[in-house]
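*Asks:* Prediction below, plus the sequence it came from.
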Amino acid sequence: FPRIRQFVAVDDTVRDRMVGEWGVPAARVQVLLNFVDLTRFRPRDALPATPARALVFSNAAARHFDVVSEGCANRGVVVDAAGASVGAVATAPEHLLGRYDLVFAKARCALEAMACGTAVILCDEAGLGPLVTAANVDGLRRLNFGIRTLRRPLTTAAVSQELAKYDSFDAAELSRKVRSTAGLDAAVDGLIGIYEDAIEEH
């Protein structure tokens, strides 16, 4: 397709697939990381010192809810689920996420929860990732908090281990960091730059 001037990947995983599997020249691929509309996903109040309520936020929630719920029950955390598979599609997640102290999610769902100020453990039916922190968020975001981050088998014990790392102060710092680096405005600037490059080349 010679008229395609630029290829844009949402993370390094997609970039590698474009180059390695699809044969797109590496010089034609740019990575524009996922982003959040910060006017829509507003910060919640300060988190409690220990979490009380958690949410499994995934369209596949029904497939891993029981494991997450059991892992959380060991530490006294009540778990809800939202997503198509449990008949509870979140049509306005910006009003839902802030009601919880901890969210189990991946990809954009995870990023939106961080922007709202909840603690986040990366999780989906494919496996379990780490609790996202201010220290590890940059590397995890390069992978869009996706499949390459879900490296551990999803077990009750593993969920309980990640939950033990919950830190309300770090979660607040994480949210500030996400809100300063992953906003919609910066992403739009990046898209405009890509369009300008394509126009200039044409």
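*Replies:* Thanks, I have the structure now. Residues are numbered from 1 along each chain as shown.
*Asks:* Give the buried residues for stretch 17-32.
*Replies:* Within stretch 17-32, the residues scored as buried using 16 or more other CB atoms under 10 Å are Met18, Val19, Val24, Val29, Val31. Any C-beta I mention is one placed from the backbone N, CA and C, and that applies to glycine too.
*Asks:* Quick one: end-to-end length of that stretch, please.
*Replies:* 15 Å (CA to CA, to the nearest Å).
*Asks:* Using JSON lines, lay out the buried residues of stretch 17-32 together with pLDDT.
*Replies:* Listed next are the buried residues of stretch 17-32 as JSON lines, based on pLDDT from 0 to 100:
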{"residue": "Met18", "pLDDT": "96"}
{"residue": "Val19", "pLDDT": "96"}
{"residue": "Val24", "pLDDT": "93"}
{"residue": "Val29", "pLDDT": "93"}
{"residue": "Val31", "pLDDT": "95"}
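*Asks:* Please convert these to TSV, extending it with distance to Gly87 and secondary structure.
*Replies:* Formatted as TSV, these follow (distance: CB to CB, whole Å; DSSP: H, G, I helix; E, B strand; the rest coil):
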residue	distance to Gly87	secondary structure
Met18	36	helix
Val19	40	helix
Val24	39	coil
Val29	39	strand
Val31	36	strand
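*Asks:* what two of those have the greatest distance between them?
*Replies:* Every pair in the buried residues of stretch 17-32 was compared (CB to CB); the two farthest apart turn out to be Val24 and Val31, at 12.6 Å.
*Asks:* hang on, the earlier thing: closest one to Phe1 out of the buried residues of stretch 17-32, please.
*Replies:* Among those, and counting by CB to CB, the member closest to Phe1 is Val24, at 9.9 Å.
*Asks:* so who does that closest one touch?
*Replies:* Residues near Val24 by CB atoms under 8 Å, 6 or more residues apart in numbering: Phe7, Met18.
*Asks:* for Val77, same thing?
*Replies:* Pro51, Ala52, Arg53, Ala54, Asp101, Leu102, Leu163.
*Asks:* hmm, which of those residues are the buried ones?
*Replies:* Pro51, Arg53, Ala54, Asp101, Leu102, Leu163.
*Asks:* re the thing from before, among the contacts of Val77, name the ones in strands.
*Replies:* Arg53, Ala54, Leu102 (DSSP state E).
*Asks:* These into CSV, with extra columns for distance to Ala126 and pLDDT?
*Replies:* Listed next are these as CSV, based on distance: CB to CB, whole Å; pLDDT from 0 to 100:
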residue, distance to Ala126, pLDDT
Arg53, 24, 98
Ala54, 19, 98
Leu102, 19, 98
